[in-house]
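>>> how does the following fold in three dimensions:
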Amino acid sequence: MVTDKITRDAELIAFHMKNPCLTLEQIGHKFGITRQRVDQILLSVDIHIGKRRKTRPLCLNCGKPCKRMKAVYCSVKCFNEQHRLTLICHTCGKTITRSQSAVLRTETNPEYTEKKFYCSNRCKGANIGKTYGFTAHPENISKVCRFQKKHDHVSIIEEYKISKLSKTEFAKSKEIPVSTIYGILKGVTC
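Have a look, this model is predicted:
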């Protein structure tokens, strides 16, 4: 009985190969089975008939079937694995990922003279400081400390206490920006 089914299935497949234009119903009528059973037998050997049996495209990255018929990748993870490059931060050495289009944009655009990638703006700023800042050009460092205060805070506070003016009026009389006076006199009361 089982061998009869196997031989019948083989005959059915061979018959379909010789007559590919016949419908499932016509083949089923010839062998005395339903068109659904003919479809099952043909599908078991990966023969698809009709529009309803379209196979889903396979993911270009992992080979799994995609969720949608027009999709190229099965998930965002597979898309990112294909379209993102792993790079190393030029400053700290951390591994980072960037899109292929961003890397290509920096390589093809003549405006980008530096072909370096950074994990953050902090690393980028550190590299710019090393390359163009005072460490690269120590001759630009003045002998005066860069962080020297423009105004003597102690004398300004003493003068403010004596003047009995408002902070805004005091700033105008000293010709110092109001925001600077407010910063110096923060927490000072008359």
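
>>> in the lowest-mean-pLDDT helix or strand in the chain, which residues are buried?
Lowest on mean pLDDT, DSSP states H and E among the helices and strands of the chain sits helix 100-108, with a mean of 78. Within helix 100-108, the residues scored as buried using 16 or more other Cβ atoms under 10 Å are residue 106. From N, CA and C alone the C-beta is placed, and that goes for glycine too.

>>> run through the neighbouring helices and strands of that helix.
strand 84-88 (3 or more Cβ pairs under 8 Å, 6 or more residues apart in numbering; DSSP states H and E).

>>> who does the strand it packs on pair up with?
Strand pairing for strand 84-88, using DSSP bridges, gives strand 95-99 (antiparallel).

>>> neighbouring contacts of the partner strand?
Residues from elsewhere that reach strand 95-99, judged by Cβ atoms under 8 Å, 6 or more residues apart in numbering: 80, 83-89, 117-119.

>>> ok, the residue nearest to residue 177 when sequence neighbours are not counted to residue 162 distance?
Distances taken as Cβ to Cβ, 6 or more residues apart in numbering put residue 171 closest to residue 177, at 6.7 Å, once the chain neighbours are dropped. For residue 171, the distance to residue 162 equals 15 Å [Cβ to Cβ, to the nearest Å].

>>> which of those two has more neighbours?
residue 171 (21 against 9; other Cβ atoms under 10 Å).

>>> domain map for the chain?
Segmentation of the chain into domains, based on automatic domain parsing, reads 2-52, 55-83, 89-140, 153-184.

>>> just the residues contacting stretch 75-94, thanks.
Contacts of stretch 75-94 (Cβ under 8 Å, 6+ apart): 59-62, 73, 95-101, 103, 116-119, 123-124, 126-127.

>>> ok, of those, which come out buried?
59, 61, 73, 96, 117-119, 123-124, 126-127.

>>> so of the residues you listed, which ones are in strands?
residue 96 (DSSP state E).
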